[in-house]
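Colleague: Return atomic coordinates for the entry below.
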Amino acid sequence: MPSTVKTPTEILIKLRQNLVDSFSDTELRDLCFDMGMDYEDLPGEGRAAKARELVAYCERRGLTTELIKKCSELRPHVSWGAPTPEVSANVQPAAPESTALTRARRALNILEEQAAGYTALTIPVHLKIELEEKRREVADLEDRLRASQR
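Modeller: Residues are numbered from 1 along each chain as shown. Next comes the predicted model:
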């Protein structure tokens, strides 16, 4: 009888292995797109490395629950494992603001990665403006979330 997955590390390992076993390279690219990520931005070569980096990316950004949910929708016959609070910072968000904040932070991170490809003098104006607006949005959402938790 197989043991149940209990630790955060075991959940992440199972998630990575299920991605490799259940998705082709093209389907993994589609999954990344659906989650707002660029498959080509994930380090590594080949499907196994990309799956590993996708899991690591989601774990660092508190998106593991969202990844598991999306995978469960796409492959309901696969046991993806239930995330625990230790696995991801955004497990069962307390409020809609929490989800909005997670998405805003993710968008800000993407914008910051794009801006990192430029020098301070060569960054396009539209990117500077988007960064300023997204930083304001994240700060506002953080304030609202703190206020709602009081």
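
Colleague: drop to CA atoms for contacts and neighbour counts, all remaining ones
Modeller: Will do.

Colleague: Buried residues, the helix or strand of the chain with the lowest mean pLDDT. List them.
Modeller: Comparing every helix and strand of the chain by mean pLDDT, DSSP states H and E singles out helix 96-115 as the least confident one, with a mean of 79. Residues 97-98, 100-111, 115 are the ones in helix 96-115 that count as buried (16 or more other CA atoms under 10 Å).

Colleague: just these now: which is nearest residue 130?
Modeller: residue 111 (7.6 Å; CA to CA).

Colleague: list the contacts for the nearest residue to the closest one once chain neighbours are set aside?
Modeller: Excluding the flanking residues, the one nearest residue 111 by CA to CA, 6 or more residues apart in numbering is residue 131, at 6.3 Å. For residue 131, the contact set (CA atoms under 8 Å, 6 or more residues apart in numbering) comprises 108, 111-112.

Colleague: ok, and for stretch 74-81, which residues are buried?
Modeller: Here stretch 74-81 shows 80-81 as buried, counting by 16+ other CA under 10 Å.

Colleague: gap between the two ends of that stretch?
Modeller: 14 Å (CA to CA, to the nearest Å).

Colleague: Then stretch 71-80?
Modeller: 8 Å.

Colleague: Tell me which residues are up against it.
Modeller: With CA under 8 Å, 6+ apart as the test, stretch 71-80 has contacts from 14-15, 18, 22, 68.
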